[in-house]
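Chemist: I would like to see how this sequence folds:
(2 chains)
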2 protein chains.
Amino acid sequence: MSARRRRRARPLFQRVALIGLGLIGSSLARAIRKHKLAAELVACDRDALVRRRVKALALADTVVGDPARAVRGADLVVLCTPMSTYAGIGAAIGPALAPGAIVSDVGSVKSTALAALGPHMPAHAHLVPGHPISGTENSGPDAGFAELFVGRWCILTPPQGAAPDAVESVRELWRCCGMNVELMDARHHDRVLAITSHVPHLIAYTIVHTVDDLETRLKSEVIKFAASGFRDFTRVAASDPVMWRDVFLENKDAVLEMMGRLYEDIALLQKAIRNDDGAALQRVFERSRRIRRSIVQARQA
Amino acid sequence: MSARRRRRARPLFQRVALIGLGLIGSSLARAIRKHKLAAELVACDRDALVRRRVKALALADTVVGDPARAVRGADLVVLCTPMSTYAGIGAAIGPALAPGAIVSDVGSVKSTALAALGPHMPAHAHLVPGHPISGTENSGPDAGFAELFVGRWCILTPPQGAAPDAVESVRELWRCCGMNVELMDARHHDRVLAITSHVPHLIAYTIVHTVDDLETRLKSEVIKFAASGFRDFTRVAASDPVMWRDVFLENKDAVLEMMGRLYEDIALLQKAIRNDDGAALQRVFERSRRIRRSIVQARQA
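Modeler: Model (predicted):
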């Protein structure tokens, strides 16, 4: 049955349980509602204030605080919590999963999802980790919106031997949310994200600090006159601190590798500056411009 | 006479000569025309193709290739060329400047403007270097637009003893273009820009290279899945290579100082990652978020 017919005849999922209703979780909730992807939507968050907001915003049919209760009878469970919570949640929900349940997530480091959740999965359930590459600098259930995912990439990293139907269901979920979905090896994903996302975030976080440590007079002018380069950099520095803490802890090896590569490249430019080597600088910048333009063409810019 | 009355009675300047009609020069030409800031506008560029475009776009009343000819009778001259050309242009226009002429520029390193142009200024002319902090990743006379400057900061760095009227005229020029104008010491300006603009650009240029040097398969996926962090970073990597080459050559000391500071701060975070120090990471990210939010409030974000 085609996806379209299936949607009209019956929703993609009977009961979806979302664990964690922050920016991503609450956006997914809104998108699921908007596109009618679930007959029933259960929201679970350990924070009572978040649960209150989720109820007030009517983001789900049921709102609970206990993950084991949330996943009862669910055919799809999506973890939208910081990755440091995965093992604990996995232990809690493992015994409660319905036969054939699919467990997915939205975390930025896929090796972690496999390692932290895999051991807790009963034989009758399916683990299909995913990473919808999207986000804003805001946090919490009020920050989410259904269109967050539109036009962006989603990477799925199912383990070897994952049931094709389960993978297809998760692919369809994100496709309906407007994403372009691809499959990838988990470790490979983590290296790609290390250089395209994690290291840039690290630098953005740091440069904001470097500015803040400048003498007071210099600092207020820096903040005042911040434009272009600095603005772009600092936009990401307001991202959720807990989420990013976990990203760096979980993707340590790939991040350290990519930082090493970046340092080596920066050192070359720094040396060119110290040696007044204008020709070398111009060559580098011209090459960067060409690369940037090919990225724009790849439509992710 | 107030600025408004002066604009209606007679334009701010009689004859403005713009030397260099790239993104900034052509935007200034359009803004001058839009706000009727000059009775006559002369455009000068050494590139015949640029001159042809400037004529085709009707950006100025007169289009020439010789700076000495361009500045004849001008009450305001604005250099909008790469800073490496300043000394040569200064030598060419110095003898041709009309009594009372104001010479300004739009370059990113103000110490350079003073050092390169100062020696060529006749006693009867006024040097008022300026830096309208604005730009896009595009180049050339077609890329400019009158609104480029609206809502952004412009820093003027007149030398000690500069005539107050001359400074006020340049301030008014940029105010009419929609900018917030402030005065600053040139060297101070260069340090502020080093950390807020020059170093972020350097990193953006470099990270694009680091990606490009990855093995081919990894690279194509990186480019394909580039989102958020990487996109923001690489946006600046498409900026004009010649302009940026000169920025780093001219602002070498401040850039190397700020890079040193940034390295020290990154090393602390890197160590926290290597040592799995989640608490340290979270503290840093929370502080960055607070700083970022104060920047947003300062309305430059």
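
Chemist: run through the strands of chain A in chain order.
Modeler: A:13-19, A:38-44, A:62-64, A:76-79, A:102-105, A:126-127, A:130-132, A:153-156, A:180-183 (DSSP state E).

Chemist: show me what the fifth one is packed up against.
Modeler: With contacts taken as 3 or more CB pairs under 8 Å, 6 or more residues apart in numbering or on different chains; DSSP states H and E, strand A:102-105 sits against strand A:76-79, helix A:110-117, strand A:126-127, helix A:164-176. The way it works is simple: take the backbone N, C-alpha and C, and place the C-beta from them, glycine included.

Chemist: that strand pairs with which strands, and in what direction?
Modeler: Here strand A:102-105 has these sheet partners by DSSP bridges: strand A:76-79 (parallel), strand A:126-127 (parallel).

Chemist: CA atoms only for it, dumped as PDB, please.
Modeler: Extracted in PDB, the C-alpha atoms of strand A:102-105 (Å, rounded to 0.1, in the frame of the first residue of the first chain):
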ATOM      1  CA  ILE A 102      10.000   0.400  16.900                       C
ATOM      2  CA  VAL A 103      12.400   2.500  19.000                       C
ATOM      3  CA  SER A 104      14.100   5.500  17.500                       C
ATOM      4  CA  ASP A 105      15.700   8.700  18.600                       C
END
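
Chemist: what pLDDT, on average, does it get?
Modeler: Averaged over strand A:102-105, pLDDT sits at 98.

Chemist: who touches it?
Modeler: Residues outside strand A:102-105 that contact it (CB atoms under 8 Å, 6 or more residues apart in numbering or on different chains): A:75-80, A:86, A:93, A:97, A:113, A:117, A:121, A:125-130, A:166, A:169-170, A:173.

Chemist: nearest residue to residue A:34 in space, please, no chain neighbours.
Modeler: Of all residues not flanking residue A:34 in the chain, residue A:146 sits nearest, at 4.4 Å (CB to CB, 6 or more residues apart in numbering or on different chains).

Chemist: give me the distance between that neighbour and residue A:76.
Modeler: Distance, residue A:146 to residue A:76, by CB to CB, to the nearest Å: 17 Å.

Chemist: so which of these two has more stuff around it?
Modeler: The residue with more neighbours, out of residue A:146 and residue A:76, is residue A:76; 25 against 18, by other CB atoms under 10 Å in any protein chain shown.

Chemist: wait, that one sits on residue A:174?
Modeler: No: contact criterion CB atoms under 8 Å: residue A:76 and residue A:174 do not qualify, at 11.6 Å.

Chemist: tell me the most buried of the strands paired with strand A:102-105?
Modeler: Mean neighbour count (mean count of other CB atoms under 10 Å in any protein chain shown) peaks for strand A:76-79 among the strands paired with strand A:102-105, with a mean of 26.

Chemist: export it as CSV, just CAs?
Modeler: Taking Å, rounded to 0.1, in the frame of the first residue of the first chain, the C-alpha atoms of strand A:76-79 are listed here in CSV:
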residue,chain,number,x,y,z
LEU,A,76,6.7,3.8,17.7
VAL,A,77,8.8,5.2,20.5
VAL,A,78,11.1,8.2,19.9
LEU,A,79,13.6,9.4,22.4
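
Chemist: name the residues that touch that strand?
Modeler: So strand A:76-79 is contacted by A:13, A:15-20, A:25, A:28, A:38, A:70-71, A:85-86, A:89, A:93, A:97, A:101-107, A:113, A:117, A:169-170, A:173 (CB under 8 Å, 6+ apart).

Chemist: confidence score at the closest residue in space to residue A:16 that isn't next to it in sequence?
Modeler: Of all residues not flanking residue A:16 in the chain, residue A:38 sits nearest, at 4.0 Å (CB to CB, 6+ apart). You'll see residue A:38 listed with a pLDDT of 98.

Chemist: then residue A:289?
Modeler: Looking at residue A:289, the pLDDT reads 84.

Chemist: same thing with residue A:217?
Modeler: Residue A:217 is assigned a pLDDT of 65 by the prediction.

Chemist: thinking again about what came up before, as TSV, the strands paired with strand A:102-105 with mean pLDDT would be great.
Modeler: Formatted as TSV, the strands paired with strand A:102-105 follow (pLDDT from 0 to 100):
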stretch	mean pLDDT
strand A:76-79	98
strand A:126-127	98
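
Chemist: and of those, who's closest to residue A:235?
Modeler: Ranking the strands paired with strand A:102-105 by distance to residue A:235, with CB to CB as the measure, places strand A:76-79 first at 26.2 Å.

Chemist: if I look at residue A:64, how far off is residue A:44?
Modeler: For residue A:64 relative to residue A:44 (CB to CB), the value is 5 Å.

Chemist: more neighbours: those two, which one.
Modeler: residue A:44 (30 against 18).

Chemist: so residue A:124 touches residue A:95, yeah?
Modeler: No: using CB under 8 Å as the test, residue A:124 is too far from residue A:95 to be in contact (11.5 Å).

Chemist: quick check: residue A:287 touching residue B:209?
Modeler: Yes: in this structure, residue A:287 is within contact of residue B:209 by CB under 8 Å, at 6.8 Å.

Chemist: ok, which stretches of the stretch 201-301 of chain A are helices?
Modeler: Secondary structure of the stretch 201-301 of chain A by DSSP state H, counting those that start in this stretch: the helices cover A:216-225, A:228-235, A:241-250, A:252-274, A:278-297.

Chemist: pipe the ones you listed into a markdown table and attach distance to residue B:273 and mean neighbour count per row.
Modeler: Putting those into a markdown table (distance: least, CB to CB, whole Å; neighbours: other CB atoms under 10 Å in any protein chain shown) gives the following:
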| stretch | distance to residue B:273 | mean neighbour count |
| --- | --- | --- |
| helix A:216-225 | 26 | 17 |
| helix A:228-235 | 19 | 24 |
| helix A:241-250 | 5 | 24 |
| helix A:252-274 | 6 | 18 |
| helix A:278-297 | 26 | 18 |
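
Chemist: which one of these lies nearest to residue B:267?
Modeler: Closest approach to residue B:267 among the helices of the stretch 201-301 of chain A (CB to CB): helix A:252-274, 9.8 Å.

Chemist: check which helices and strands the closest one is in contact with.
Modeler: Packing partners of helix A:252-274 (3+ CB pairs under 8 Å, 6+ apart): helix A:186-193, helix A:199-212, helix A:278-297, helix B:199-212, helix B:252-274.

Chemist: could you give the angle of it to helix A:278-297?
Modeler: Interaxial angle of helix A:252-274 relative to helix A:278-297 (axes from the mean of the first three to the mean of the last three CA atoms, to 10 degrees): 140 degrees.

Chemist: list of residues touching helix A:252-274?
Modeler: With contacts defined as CB under 8 Å, 6+ apart, helix A:252-274 is touched by A:187, A:190-191, A:193-195, A:198-199, A:202, A:248, A:277, A:280-281, A:284, B:202-203, B:205-207, B:209-210, B:213-214, B:248-249, B:252, B:255-256, B:259, B:266, B:270, B:273-274, B:276.

Chemist: check stretch A:170-183 too.
Modeler: A:3, A:7, A:12-13, A:28, A:31-32, A:35, A:37, A:76, A:102, A:104, A:128, A:130, A:132, A:134, A:146-147, A:149-158, A:167.

Chemist: which among those residues end up buried?
Modeler: Among the contacts of stretch A:170-183, the ones that count as buried by 16 or more other CB atoms under 10 Å in any protein chain shown are A:7, A:12-13, A:28, A:31-32, A:35, A:37, A:76, A:102, A:104, A:128, A:130, A:132, A:134, A:146, A:149, A:152-158, A:167.

Chemist: low-confidence stretches in chain A?
Modeler: Applying pLDDT under 70 to chain A flags residues A:1-9, A:215-220, A:222-234, A:236-238, A:298-301.

Chemist: domains in it, by residue range?
Modeler: Listed by automatic domain parsing, the domain ranges of chain A are A:3-184, A:189-297.

Chemist: can you put those domains in JSON lines and add distance to residue B:140?
Modeler: Shown next, in JSON lines, are the domains of chain A (distance: least, CB to CB, whole Å):
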{"stretch": "domain A:3-184", "distance to residue B:140": "29"}
{"stretch": "domain A:189-297", "distance to residue B:140": "13"}
